[in-house]
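>>> requesting a structural model of the entry that follows:
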Amino acid sequence: MLSTNIKKFRKKSKLSQEELAKKTDITYSTILKIESGVNKNPTLETLSKIADVFRVSLDELVGRKK
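Predicted structure coming up:
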(Lines give C-alpha, C1' and ligand atoms only; values in the text may rest on other atoms or scores of the structure.)
Protein backbone atom coordinates (compact mmCIF):
# COMPACT_ATOMS: atom_id res chain seq x y z
CA MET A 1 0.00 0.00 0.00
CA LEU A 2 2.72 2.49 0.97
CA SER A 3 4.83 1.84 -2.11
CA THR A 4 1.76 2.11 -4.36
CA ASN A 5 0.65 5.35 -2.73
CA ILE A 6 4.06 6.99 -3.00
CA LYS A 7 4.29 6.05 -6.67
CA LYS A 8 0.74 7.35 -7.25
CA PHE A 9 1.43 10.68 -5.56
CA ARG A 10 4.78 11.01 -7.33
CA LYS A 11 3.26 10.44 -10.75
CA LYS A 12 0.37 12.79 -9.95
CA SER A 13 2.96 15.43 -9.04
CA LYS A 14 4.85 14.66 -12.26
CA LEU A 15 8.09 13.97 -10.40
CA SER A 16 10.72 11.40 -11.27
CA GLN A 17 12.21 9.29 -8.51
CA GLU A 18 15.39 11.38 -8.77
CA GLU A 19 13.42 14.62 -8.40
CA LEU A 20 11.59 13.26 -5.37
CA ALA A 21 14.92 12.24 -3.84
CA LYS A 22 16.31 15.75 -4.32
CA LYS A 23 13.20 17.49 -2.96
CA THR A 24 13.15 15.28 0.15
CA ASP A 25 16.92 15.08 0.69
CA ILE A 26 16.54 11.29 0.73
CA THR A 27 18.89 9.14 -1.31
CA TYR A 28 17.68 7.93 -4.68
CA SER A 29 18.34 4.34 -3.64
CA THR A 30 16.10 4.76 -0.59
CA ILE A 31 13.28 6.10 -2.77
CA LEU A 32 13.73 3.11 -5.10
CA LYS A 33 13.63 0.67 -2.18
CA ILE A 34 10.49 2.23 -0.71
CA GLU A 35 8.65 2.33 -4.04
CA SER A 36 9.62 -1.24 -4.91
CA GLY A 37 8.53 -2.51 -1.50
CA VAL A 38 12.00 -3.66 -0.46
CA ASN A 39 12.00 -1.13 2.39
CA LYS A 40 8.63 -1.77 4.01
CA ASN A 41 9.33 0.24 7.16
CA PRO A 42 10.87 3.62 6.32
CA THR A 43 11.50 5.96 9.22
CA LEU A 44 8.91 8.47 10.34
CA GLU A 45 11.30 11.23 9.30
CA THR A 46 11.51 9.81 5.78
CA LEU A 47 7.73 9.46 5.52
CA SER A 48 7.24 13.00 6.82
CA LYS A 49 9.57 14.43 4.18
CA ILE A 50 7.75 12.57 1.42
CA ALA A 51 4.32 13.59 2.71
CA ASP A 52 5.45 17.23 2.89
CA VAL A 53 6.49 17.22 -0.77
CA PHE A 54 3.10 15.83 -1.80
CA ARG A 55 1.26 18.04 0.71
CA VAL A 56 -0.65 15.11 2.17
CA SER A 57 -1.00 13.79 5.70
CA LEU A 58 0.98 10.79 6.91
CA ASP A 59 -2.30 8.90 7.20
CA GLU A 60 -3.10 9.57 3.58
CA LEU A 61 0.42 8.64 2.48
CA VAL A 62 0.26 5.24 4.19
CA GLY A 63 -3.32 4.63 3.07
CA ARG A 64 -5.17 5.07 6.35
CA LYS A 65 -7.68 7.54 4.93
CA LYS A 66 -8.61 9.10 1.63
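>>> buried sites along stretch 44-51?
For stretch 44-51, burial by neighbour count (16 or more other CB atoms under 10 Å) applies to 46-47, 49-51. To be clear about C-beta, it is placed using only N, CA and C from the backbone, and glycine gets the same treatment.
>>> cool, stretch 7-19 as well?
Buried residues in stretch 7-19 (16+ other CB under 10 Å): 9-10, 15, 17.
>>> try stretch 31-41
Per 16+ other CB under 10 Å, stretch 31-41 contains these buried residues: 31, 34-35, 39.
>>> kindly reformat those as CSV containing distance to residue 57, secondary structure and pLDDT.
Formatted as CSV, those follow (distance: CB to CB, whole Å; DSSP: H, G, I helix; E, B strand; the rest coil; pLDDT from 0 to 100):
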residue, distance to residue 57, secondary structure, pLDDT
31, 20, helix, 97
34, 17, helix, 96
35, 19, helix, 95
39, 21, coil, 95
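>>> need these in JSON lines (columns: distance to residue 65).
Below are the buried residues of stretch 31-41 laid out as JSON lines (distance: CB to CB, whole Å):
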{"residue": "31", "distance to residue 65": "23"}
{"residue": "34", "distance to residue 65": "20"}
{"residue": "35", "distance to residue 65": "21"}
{"residue": "39", "distance to residue 65": "23"}
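>>> ok, so of these, who is nearest residue 59?
Nearest to residue 59 among the buried residues of stretch 31-41: residue 34, at 17.1 Å, using CB to CB.
>>> could you count how many residues lie near the nearest residue to residue 1 once chain neighbours are set aside?
Nearest non-adjacent residue to residue 1, counting by CB to CB, 6 or more residues apart in numbering: residue 63, 4.1 Å away. Look at residue 63: counted by other CB atoms under 10 Å, it has 12 neighbours.
>>> so who does residue 63 touch?
1-2, 4-5 (CB atoms under 8 Å, 6 or more residues apart in numbering).
>>> tell me which two of those sit farthest apart.
2 and 4 (7.3 Å).
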